[in-house]
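Peer 1: Following is a predicted model, sequence given first.
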Amino acid sequence: MKKILLSAFLACFSLTISAQDYEFTTTIDLEATPVISQGNTGTCWSFSASSFLESEIIRLTGKQIDISEMFTVRNTYPKKAWNYVMRQGKAQFSEGGLAHDVMNSVKSHGLVPNSAYSGLKALQERHNHAEMVSVLKAMLDVYIQNPGGKLSSNWKPAIENVLDVYLGKRPESFTYEGKTYTPQSFLEMTKVNPDDYVTLTSFTHQPYYTSFILNIPDNFSNGSFYNVTLDELVAATKNALKTGYTVELDCDVSEATFSAKYAVATIPEENVNSRKDFSAEIRKEKNITAAFRQQEFENYTTTDDHLMHITGMAKDQNGNEYFRVKNSWGSNTERIPNDGHVHMSEAFFKLKTISVMVHKDALPKALRVKLGL
């Protein structure tokens, strides 16, 4: 009887332990600007990379500046349009993009604060690009059909005019904190050098320690990625955070186990088929290998669908480490009843990360040598 009672007690105790909800303690909390919403747009790439640059500006200058996400968006659409037209419509034209598109814009056009270019019209409080993108694509499709028999260059100023109508004309100069700047002189003031940033990924279909163009739909600008081992990808990200550098993240958040509501992203051993079946309850996670990661990428289970900003790390009550990730879906709403951050487990990061962008000085020295940086 005692053995039966003891077994029953242990079973109940084990059930209680397994039914615990996550409790996180932040271990690294690097400086970042407040969480804001990207609204009804697919411009997470600009919001996340702008947040990343804002943390870099804090690190480099001590200044907290609200960078204009829409200035970058406005600069990038003509390049998307060019790619779409020159490929005769056999390419994607959408709201999506990647972190290096922000860096390309910074290098070519500089930076401006949000106060100088918000991309919002009078009385408009929330970004909504649905109509604008539909108009742009419809125009481009007509030009590609070439009804005049010979494609002229008229489509270029036409696209520029539409962008000006919806987002506003780009400022040639502006005043910030009592001083007049151009976008390039403002960039110089921030001390950001776009050439200092590198993008890392980890896939087995390309040799390690080389750079290659990753074939994903949003890589319209053919950006290059440095390929490293999966363990090195994790180690490089942790090294950056531990040495004071935040990290830009491109990943897949379509999984039912990515929960903005519960502020957690994990890969449980058992399958979770819908978000309504997921909770903040601690579950044992899968062991993620490079082979499994590659398989899930090649069968479209892992896709490039969202970019965010890693600003720190945390631990749960069992001592497991998580990346603290700043999202761009807002905060303290019915959908997101928290501060707009998500605690991402190492398993989720290994499986669902497409790439990370970091300052090259944030990389471990041994990895920099391997990459020739």
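Peer 2: Structure's in. What do you need?

Peer 1: And the helices in the stretch 251-373 of the chain?
Peer 2: Under the criterion DSSP state H, counting those that start in this stretch, helices of the stretch 251-373 of the chain are mapped to 290-298, 346-352, 365-371.

Peer 1: so of those, which one's packed in deepest?
Peer 2: Ranked by mean neighbour count under mean count of other CB atoms under 10 Å, these are led by helix 346-352, which reaches a mean of 23. (Glycine included, C-beta is placed from N, CA and C.)

Peer 1: Tell me which residues are up against that one.
Peer 2: If you take CB atoms under 8 Å, 6 or more residues apart in numbering as the criterion, helix 346-352 is touched by 230, 233-234, 237, 251-253, 255, 257-258, 265-267, 285-288, 292-293, 296, 302, 320-323.

Peer 1: From the residues you listed, which land in strands?
Peer 2: In strands, defined here by DSSP state E, the members of these are Cys251, Phe258, Ala265, Glu321, Tyr322, Phe323.

Peer 1: now the first one, which residues is it bridged with?
Peer 2: If I follow you right, that is Cys251. On the basis of DSSP bridges, Cys251 is bridged to His306, Thr353.

Peer 1: so it touches Val342, yeah?
Peer 2: No - judged on CB atoms under 8 Å, Cys251 makes no contact with Val342 at a distance of 10.4 Å.

Peer 1: which stretch of helix or strand covers Ala138?
Peer 2: If you go by DSSP states H and E, Ala138 is part of helix 130-145.

Peer 1: ok, which stretches of the stretch 151-300 of the chain are strands?
Peer 2: 174-176, 179-181, 197-201, 211-213, 224-227, 247-251, 258-259, 264-265 (DSSP state E, counting those that start in this stretch).

Peer 1: helices or strands up against the last one?
Peer 2: Looking back up the chat, that one is strand 264-265. Judged by 3 or more CB pairs under 8 Å, 6 or more residues apart in numbering; DSSP states H and E, the packing partners of strand 264-265 are strand 341-345.

Peer 1: who's in contact with Ile310?
Peer 2: Applying CB under 8 Å, 6+ apart to Ile310 gives the contacts Thr237, Leu241, Thr246, Val247, Glu248, Leu249, Phe323, Arg324, Val325, Lys326, Met344, Val356.

Peer 1: again, only this time at 7 Å
Peer 2: The contact partners of Ile310, by CB atoms under 7 Å, 6 or more residues apart in numbering, come to Thr237, Leu241, Thr246, Val247, Leu249, Phe323, Arg324, Val325.

Peer 1: got it, and Gly119?
Peer 2: Counting by CB under 7 Å, 6+ apart, Gly119 makes contact with Met70, Val73, Arg74, His127, Leu167, Gly168.

Peer 1: related to what we said a few turns ago, in the helix holding Ala138, which residues are buried?
Peer 2: Of all the residues in helix 130-145, those buried under the rule 16 or more other CB atoms under 10 Å are Met132, Val133, Leu136, Lys137, Leu140, Tyr143, Ile144.

Peer 1: Tell me, how many residues neighbour the nearest residue to the first one once chain neighbours are set aside?
Peer 2: So the one you mean is Met132. The shortest distance from Met132 to any non-neighbouring residue, by CB to CB, 6 or more residues apart in numbering, is to Tyr166 (4.2 Å). Number of residues near Tyr166 (other CB atoms under 10 Å) recorded here: 19.
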